[in-house]
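[1] here you go, sequence then predicted model.
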Amino acid sequence: GYFGLNTSDIESQRAFYETLGFIGEIYPAGPETSTTFAQALGFPEDYLIHVSLHSLEDPPTPPFVDTVQFRGDSYREEPPYAQLNHIGMAYATYSTTDLDGDFAYLQSKGVEFVSAPATALNGERFVFLKDQDGVFLKLIATAEGEGPTPGPNLVRLVNTNMNVADLERSREFYRLLGFTESAPDSQAGSGEFAAAYGFDGPIAFEGVDVSLGEGTVGASSQLRQWTRPLDDAPADPPPVNHLGIDRINFYVKDLTAAVKTMNELGFEQLGPIGGGAEIGIVFFFDPDGIKVQIAGPRTN
C-alpha cells in the first residue's frame, strides 16, 4: 500500500515530491491526533502529526508515500540512516523512462545526488538521490511507459529496500506474509558502482527480491544482506517517529485473522490495533526490527 517516511518539514517534503513529479496528493491525510493510532505506533499517549499521501497518479492511487511530520513532544531528532548499508529500510526505488534527463532536471532544481548515474553488474542503470532530510531514493532506467518529457519521468514504485542481518531468516518471514515469488540479486563491485552507493571502496551484498506473485498489483520487497562494508547497527527502535523511511504497509483482506495468525506464530506486536471500528492497523516487527504495518477490515 505504501511506505512511511518521517520528515522534519512537511511543506518542504510536499514541494520535494512535487518536483519529482508526484501529481497526486491527499493532504491533509489521516487524523492529526488519535489515541488509537498513537498506541498502535508505540506511543503511550496521544501525539500531534501532519500527514500527506503522495502518488504518481491523479486522482491519487496506491502505492503511496505516507509522509508524516511529528510535532511537539512526539518528535524525535535522530537523523535518517547516513549510509545505504544500515540495517532497516534504507531507500525506495522508482523507475524512470529518462534516467539521464531526470538526473539533469532534478539537479537543476537543487536535488542532491550521491553520484552521477551508474551501471550495475546486472546491467541496471541507476542513481541515488536524497531529500532535504537526507533520506535516500533510488531511480532506475526502464523502457516501460512513455518516452522522455521536459520534466520528471518517474513511472512507478519498483521496490522498497530492507537491509537485513540474515537473508534466509528474513526470506522466511516475508514468505509467511505471502511473498512467495523471489528473484536473486546478489552483487559486488568497486569503482563507479561502489561510488554510486556512496562508498570509496569495494561493496558486496547478497540479495533477493520477493513479491506476491501473479494476479497481484504492487512493488516488490528488496531484501539485502550486506557483507562489505558491514554495518550491523540495528534498525531504529519504536515508536514510529524517527526521521527517514520507517515502516512498510501491507493491505490484508481480514485484519482480525491476520493478527491472530501472526500472534500464534509468535511475532511481536508493537501495540494494539488502531484505527476505526471497521478498518484497523497494527504493527509487527520483522526479524530485524523493521516495522511492518498490516491494515484492513476487521471481522469482529
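    Received it, and whenever you're ready, just let me know what you need. Being a predicted model, the structure only gives us computed values, none of them experimental. Residues are numbered from 1 along each chain as shown.
[2] any weak-confidence spans in the protein?
    Residue ranges of the chain with pLDDT under 70: 215-217.
[3] with adjacent residues omitted, what lies nearest to the residue of it most remote from its centre?
    Distance from the centre of the chain peaks at residue 300, with 30.6 Å (CA atoms, centre = their mean). Leaving aside its chain neighbours, residue 300 sits nearest to residue 256 (5.6 Å; criterion: CB to CB, 6 or more residues apart in numbering). C-beta: built from backbone N, CA, C; applies to glycine.
[4] where do the helices of this protein begin and end?
    Ranges of helices in the chain, per DSSP state H, are 10-19, 35-40, 99-108, 167-176, 191-196, 255-264.
[5] winner for burial among those?
    Comparing the helices of the chain by mean neighbour count (mean count of other CB atoms under 10 Å), helix 35-40 comes out on top with a mean of 19.
[6] next up, the contacts around the closest residue to residue 21 other than its chain neighbours.
    Counting by CB to CB, 6+ apart, residue 152 is the residue found nearest to residue 21 once chain neighbours are left out, at 3.4 Å. Residue 152 makes contact with 19, 20, 21, 96, 102, 105, 106 under the criterion CB atoms under 8 Å, 6 or more residues apart in numbering.
[7] let's go with 10 Å and repeat that
    Counting by CB atoms under 10 Å, 6 or more residues apart in numbering, residue 152 touches 18-23, 56, 94, 96, 98, 101-102, 105-106, 109, 111, 139.
[8] ok, now residue 43?
    35, 37, 70, 73, 74, 238, 239, 240, 241, 271.
[9] make TSV from those residues and add distance to residue 158 to it.
    TSV is the format used below for the contacts of residue 43 (distance: CB to CB, whole Å):
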residue	distance to residue 158
35	36
37	29
70	28
73	37
74	32
238	28
239	29
240	24
241	27
271	31
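[10] residue 105 contacts residue 113, doesn't it?
    No. Residue 105 lies out of contact with residue 113 (CB atoms under 10 Å); the separation is 11.7 Å.
[11] one step back: just among the contacts of residue 43, which is most surrounded?
    Compared across the contacts of residue 43, residue 240 has the highest neighbour count, 25 neighbours, by other CB atoms under 10 Å.
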